[in-house]
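K.L.:
Fold the following and give me the result.
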Amino acid sequence: MAETSLILSWTFLSECPIPQDVQELLVEGEQAVAAYKTIRDSAIFTNKRLIVRDAQGLTGKKVEVYSLPYSAINMWSTENAGKLLDLNAEVELWTRAGHIKVNLRKGVDIRKFDRLIANAVLTNH
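P.N.:
Presented below is the predicted three-dimensional model:
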């Protein structure tokens, strides 16, 4: 596949409970379905979009929130080494905004993650 410019890159360390304060970001009819711990914050899959909260600065008090509606995702790919040697996996999303890479650490089930994206994208297009 031809290289496209990378606009964002995130690392998801493990699945985690859905943060309680995410409710203030949701619109009517939107529900959080899964969450992943990132290096400094969390990524939340809802039934409408992917929300990534990115704590910034030395104290982490400044938070940037990314919101990716599933309807903006045109294509995705997953890559891993298989069960025995799988220390990390990669997911790439091609969106109307550009190319996004998500690195998944060993604690994240790549097949479950792939199904989560497939369900979100294919039912929201």
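K.L.:
Touching, residue 43 and residue 35? I think so.
P.N.:
Yes - using C-beta atoms under 8 Å, residue 43 makes contact with residue 35 at a distance of 6.8 Å. C-beta coordinates here come from the backbone N, C-alpha and C atoms, glycine included.
K.L.:
low-scoring pLDDT stretches of this protein, where are they?
P.N.:
Residues of the chain that meet the criterion pLDDT under 70 lie in 1-6, 60, 82-87, 125.
K.L.:
hmm, 50 instead?
P.N.:
1-2 (pLDDT under 50).
K.L.:
ranges for the helices of it?
P.N.:
Ranges of helices within the chain are 110-123, based on DSSP state H.
K.L.:
Select the longest strand from it.
P.N.:
strand 6-16 (DSSP state E).
K.L.:
contact partners of it?
P.N.:
With contacts defined as C-beta atoms under 8 Å, 6 or more residues apart in numbering, strand 6-16 is touched by 34-39, 42-43, 52, 54, 66, 97-105, 107-109, 113.
K.L.:
Apply 10 Å and report the result again.
P.N.:
Applying C-beta atoms under 10 Å, 6 or more residues apart in numbering, the contact partners of strand 6-16 are 34-44, 50, 52, 54, 66, 68, 88-93, 95, 97-109, 112-113, 116.
K.L.:
and those residues, which are buried?
P.N.:
The neighbour count (16 or more other C-beta atoms under 10 Å) marks 34-38, 41-44, 50, 52, 54, 68, 88-89, 91-93, 95, 99-100, 102, 104, 108, 113, 116 as buried among those.
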